[in-house]
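**Q** 3D model of this:
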Amino acid sequence: MSICRIMFAAARLVALAVALASASTFGALAACEREEGCEQAALLQVTKSSESLKSLWPFSGLVQKAGRLHSELDQERLDEVHKVHANMEALAKQKLVELESKRMKRNLSDYNLTQEDFGLSNVTLTLLDTVLTEMGSLLSQINASHLTDEQLLLDLAEGFVQCNTDLTARQVQSDNLSSLVNDASDSHDLCRSTEQNLSAQNATAWAAYLAKGSEAQPQEVLDCLQNFVNGYSPQTSDHLQAIIDCASTLQSWSTTFGVNMTGLRDAYFGSLHALNNHSEDCRVNQSTLESHFCEYRQQLSDSCLAMDECYQNVNQTFHDLLVTIAASDSRREASFIAATKVICYVNVLKANLTQPAVQGCQDLVVDTTGLAVHIPVPATKQACDTSPVADYPCNTTWQQDEYYSKSWYTGAPQIQPDTCPGLNPHQLRSPPLKRHSLCFALHMAV
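**A** Okay, the predicted model is just below:
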């Protein structure tokens, strides 16, 4: 087994992190193919590559890109570190056989062996030191990659918290709109109650006005009127005086009647004017109530929909990241074990080339518990309740609760829906309203 093969396997492991191989690296490979300056060529490749060594598992934060990097780069690295491990193990065994052969020929003990007996030149020892350095760097990168993956999970877990935080912020807006709805409902109820009182007053004024205009005239007035209708044929002064007296009676009655009718008329139309003005105010209050409820329904429904989408997106990304990290974790553990055993074999080759030592490297159980990725527990999805807006204006149940069941509602004025557009079937749960388009107006008809 040539030390050159091991050196180049190690060099290739390091070189995988370099975006473009330098011209000196290709020159080193050509020299090794001729078996001239092989150890120096391998050393050159290792040292040139290590200058721009990148992380084993760079993770940009995008799950798809991370998966591509893990699958392409990690597997290639894993293949190379296993090649180094296999070659180093083979070299150790080969040198062990050569050493045993020398020992038998020269009857040497383990205590009087020299580096020359191991068959390792100073250049080879330097290269082995380089491999040790690169394997140590590899282990450091593996640990850093593990910590990076854990931090990615922690950062992404914050997304679940942010979903809840955003919902809480939206809920404040929903609660504010709910308060506006309650205030508008109270104002509307008060307005309608006053409207009923004004309507009753107007009805009383009309009844009095109508009654006065319908009452029978006094008999003396009727007689005078009849005399005038029949025509007078005065013969004496008494007859003329009777005409004057009758005219005086009619004048007195008509004056009083006119004043009374005018007062009742003014009272009726005054109450009617007050009622109409107040009814208009009530219609404005009703429109405000319905508009606020539409906004409240829009806000609450949008909030719950945004919460669902946020949690679903974060959860899917979290799941995808877990899958990617799980695949990376298995490769990372295998690379860690292989690199640790490479270090073991290098140390044995340098200082303790014995059968038990080589066997110890073969049987070495590498502790990888430190590479276990801690998976944070995502924050529980906060509940978002749309039941308060399940019924809405132009919905029979909502009208019953908000109008028809109230003490002020006696059938007049009637509340009738005007235009009620259909709901968007693509919205979730109780579908959120399209702002304005579903904020419809209900009209009061007296």
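
**Q** For the rest of this, base every contact and every neighbour count on C-alpha atoms.
**A** Noted.

**Q** Can I get stretch 269-287 in PDB, CA atoms only?
**A** The C-alpha atoms that make up stretch 269-287 are tabulated as PDB, following Å, rounded to 0.1, in the frame of the first residue of the first chain:
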ATOM      1  CA  PHE A 269     -96.200  68.000  11.800                       C
ATOM      2  CA  GLY A 270     -93.600  69.000  14.400                       C
ATOM      3  CA  SER A 271     -93.700  65.500  16.000                       C
ATOM      4  CA  LEU A 272     -93.500  64.000  12.500                       C
ATOM      5  CA  HIS A 273     -90.500  66.100  11.600                       C
ATOM      6  CA  ALA A 274     -88.800  65.100  14.800                       C
ATOM      7  CA  LEU A 275     -89.600  61.500  14.200                       C
ATOM      8  CA  ASN A 276     -88.300  61.600  10.600                       C
ATOM      9  CA  ASN A 277     -85.000  63.300  11.700                       C
ATOM     10  CA  HIS A 278     -84.500  60.800  14.500                       C
ATOM     11  CA  SER A 279     -85.300  57.900  12.200                       C
ATOM     12  CA  GLU A 280     -82.600  59.100   9.900                       C
ATOM     13  CA  ASP A 281     -80.200  59.200  12.800                       C
ATOM     14  CA  CYS A 282     -81.200  55.600  13.600                       C
ATOM     15  CA  ARG A 283     -80.500  54.500  10.100                       C
ATOM     16  CA  VAL A 284     -77.100  56.100  10.300                       C
ATOM     17  CA  ASN A 285     -76.500  54.200  13.600                       C
ATOM     18  CA  GLN A 286     -77.700  51.000  12.000                       C
ATOM     19  CA  SER A 287     -75.400  51.500   9.100                       C
END
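
**Q** buried ones in it?
**A** By neighbour count with 16 or more other CA atoms under 10 Å, stretch 269-287 contains the buried residues 271-272, 274-276, 278-279, 281-283, 285-287.

**Q** Against Lys95, how distant is the residue nearest the centre of the chain?
**A** To find the centre residue of the chain, average its C-alpha atoms and take the closest one (CA atoms, centre = their mean): that gives Cys310, at 2.3 Å. As defined by CA to CA, to the nearest Å, Cys310 lies at a distance of 61 Å from Lys95.

**Q** do Asn230 as well
**A** Distance from Asn230 to Lys95, counting by CA to CA: 157 Å.

**Q** Repeat that for Asp363.
**A** With distances defined as CA to CA, the gap from Asp363 to Lys95 amounts to 19 Å.

**Q** With Thr168 instead?
**A** The span separating Thr168 from Lys95 equals 69 Å under the rule CA to CA.

**Q** How about Val161?
**A** Per CA to CA, Val161 is found 59 Å from Lys95.

**Q** more crowded one of those two?
**A** Lys95 (20 against 17; other CA atoms under 10 Å).

**Q** The more buried one belongs to a helix, doesn't it?
**A** Yes - assessed with DSSP: H, G, I helix; E, B strand; the rest coil, Lys95 lies in a helix.

**Q** Does Leu240 touch Ala247 like I think?
**A** No - distance between Leu240 and Ala247: 10.8 Å, which falls outside the contact criterion (CA atoms under 8 Å).

**Q** what are the ranges of the helices in the stretch 201-350 of the chain?
**A** Ranges of helices in the stretch 201-350 of the chain, per DSSP state H, counting those that start in this stretch, are 219-230, 237-351.

**Q** I meant to write the stretch 51-200 of the chain there.
**A** Under the criterion DSSP H, counting those that start in this stretch, the stretch 51-200 of the chain contains helices at 63-69, 75-106, 115-118, 122-214.

**Q** These into JSON lines, with extra columns for distance to Tyr409?
**A** Formatted as JSON lines, these follow (distance: least, CA to CA, whole Å):
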{"stretch": "helix 63-69", "distance to Tyr409": "61"}
{"stretch": "helix 75-106", "distance to Tyr409": "77"}
{"stretch": "helix 115-118", "distance to Tyr409": "108"}
{"stretch": "helix 122-214", "distance to Tyr409": "8"}
